[in-house]
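>>> the following block contains a protein sequence and its predicted model.
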Protein chains: 2
Amino acid sequence: MNTIAPVELAKAYRLINHGPTILLSARDNGCDDVMAAAWACGLDFSPPKLTVVIDKMAKTRQLIEANGSFVIQVPCVAQIELTHAVGTRSLFNEPDKLAACGVELFSFDGFDLPFVSGCTAWLACRTLAEPDNQQRHDLFIGEVVSAWADTRVFSDGHWHFEQADPSLRSLHYVAGGQFYATGESLNVLTP
Amino acid sequence: MNTIAPVELAKAYRLINHGPTILLSARDNGCDDVMAAAWACGLDFSPPKLTVVIDKMAKTRQLIEANGSFVIQVPCVAQIELTHAVGTRSLFNEPDKLAACGVELFSFDGFDLPFVSGCTAWLACRTLAEPDNQQRHDLFIGEVVSAWADTRVFSDGHWHFEQADPSLRSLHYVAGGQFYATGESLNVLTP
């Protein structure tokens, strides 16, 4: 059963607002790459924008610079090995990296971009021209042009991990192969 | 008992790598302010740098622009009400905001900056001159010049929430008063 549904752009920032480690993917000229990044972050609400830090050593960066678009997706606990693997291995010296890391790709109609199966949210982004930030800081700014989420954990503009299998929770990377899963939901009563 | 210890700069990025919502504080000319920010993120390892998005409406931003330095600190579950309060109330129309929100400040020797008591990590930062990013994107870049953490949850370069009281876990904001606490520790076996 397909549990993926579109997310309205006004709520797209919420897909990464809890600070998960993300998977970054891009495609150019028949080549796809996927990498992990802990340094991705919201930047603006309307239009929704985000930042992501991409090292000059990454093949994914080369594809983004050539093509001008990319996907930020939110991997889940079930994908912890995959997430760590794509974050530590490189397409430059391992041409079959994606298959070796267990990555399966799929498409959304109208987007010629590689989306990673099994994630819980996807944000299709176009790169804003920020050559100074890209060169000096490895900082890329993307405008979110479309977003989707797995309704088992995100619907009506909110995550609800507490109602789903723990394997669907997000990952938060620290270092040395250690992650934290997203934990307990806590609410402040608002007037 | 004082459980606060310095964190070596090479490991300082780990204090925010798991994507927590942070408290941002600044001081200028006898005025202190503290606000919450979900959009703070690592940018570089050495020297350690980070980004934080600060709305033009925030008094804290005015103080940072005047003084050139700020503190990023990691609040914990015990501070959820405080975190939400300083993120929704403004010093501009509430001169006693900090007291009203339950904020207590303390100092580290050699730093004329307001540090928030009860947090689990503190990063003292100096603002890098990035007028274009500040004006166009509300994006501030700080270089971390000193860092500290509560050894009950961070020591030897790693968080160990699983060994401490749950009230010391970090907060990850979504929207509308809803947060997630940092959850289960998960490890990928590395060669």
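Thanks, I have the structure now. Bear in mind the structure is a predicted one, so any value in this text is a computation, not a measurement.
>>> which residue is the nearest non-sequential neighbour of A:Ala66?
Nearest in space to A:Ala66, with sequence neighbours left out and distances taken as CB to CB, 6 or more residues apart in numbering or on different chains, is A:Asp28 at 4.3 Å. (C-beta placed from N, C-alpha, C; glycine too.)
>>> and the one you found, how far from chain B?
From A:Asp28 across to chain B, the span is 25 Å (CB to the nearest CB, to the nearest Å).
>>> put the alpha carbons of stretch A:97-105 into PDB.
Provided in PDB are the C-alpha atoms of stretch A:97-105 (Å, rounded to 0.1, in the frame of the first residue of the first chain):
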ATOM      1  CA  LYS A  97      28.100   2.600  -4.200                       C
ATOM      2  CA  LEU A  98      24.300   2.900  -4.200                       C
ATOM      3  CA  ALA A  99      23.700  -0.800  -4.800                       C
ATOM      4  CA  ALA A 100      26.400  -1.800  -2.300                       C
ATOM      5  CA  CYS A 101      24.800   0.500   0.300                       C
ATOM      6  CA  GLY A 102      21.300  -1.000  -0.300                       C
ATOM      7  CA  VAL A 103      19.900   2.200  -1.800                       C
ATOM      8  CA  GLU A 104      16.700   1.800  -4.000                       C
ATOM      9  CA  LEU A 105      15.500   4.800  -5.900                       C
END
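>>> mind listing what's buried along that stretch?
Using 16 or more other CB atoms under 10 Å in any protein chain shown as the test for burial, stretch A:97-105 gives A:Lys97, A:Leu98, A:Cys101, A:Val103.
>>> which ones among those residues lie within helices?
Under the assignment DSSP state H, these contribute A:Lys97, A:Leu98 to helices.
>>> in contact with the residue in chain A that chain B sits nearest to, which residues?
Shortest chain A-to-chain B distance, computed as CB to the nearest CB: residue-wise this is A:Gly19, at 1.8 Å. If you count contacts by CB atoms under 8 Å, 6 or more residues apart in numbering or on different chains, A:Gly19 has them with A:Cys41, A:His172, B:His18, B:Gly19, B:Pro20, B:Thr21, B:Ala38, B:His172.
>>> name the SS class of it, please.
coil (DSSP: H, G, I helix; E, B strand; the rest coil).
>>> next one, pLDDT for it please.
Looking at A:Gly19, its pLDDT stands at 98.
>>> do the same with A:Met1
Model confidence at A:Met1, given as pLDDT, is 69.
>>> for A:Thr190, same thing?
pLDDT recorded at A:Thr190 is 72.
>>> from the chain's centroid, how far away is the helix or strand encompassing A:Gln73?
Using DSSP states H and E, A:Gln73 falls within strand A:69-74. Taking CA atoms, centre = their mean, to the nearest Å, the mean C-alpha location of strand A:69-74 is offset from the chain mean by 4 Å.
>>> check the burial of the residue nearest to A:Ala66 by counting its neighbours.
18 (other CB atoms under 10 Å in any protein chain shown).
>>> show me what contacts it?
A:Gln62, A:Leu63, A:Ala66, A:Asn67.
>>> got it, and A:Lys56?
Going by CB under 8 Å, 6+ apart, A:Lys56 touches A:Asp138.
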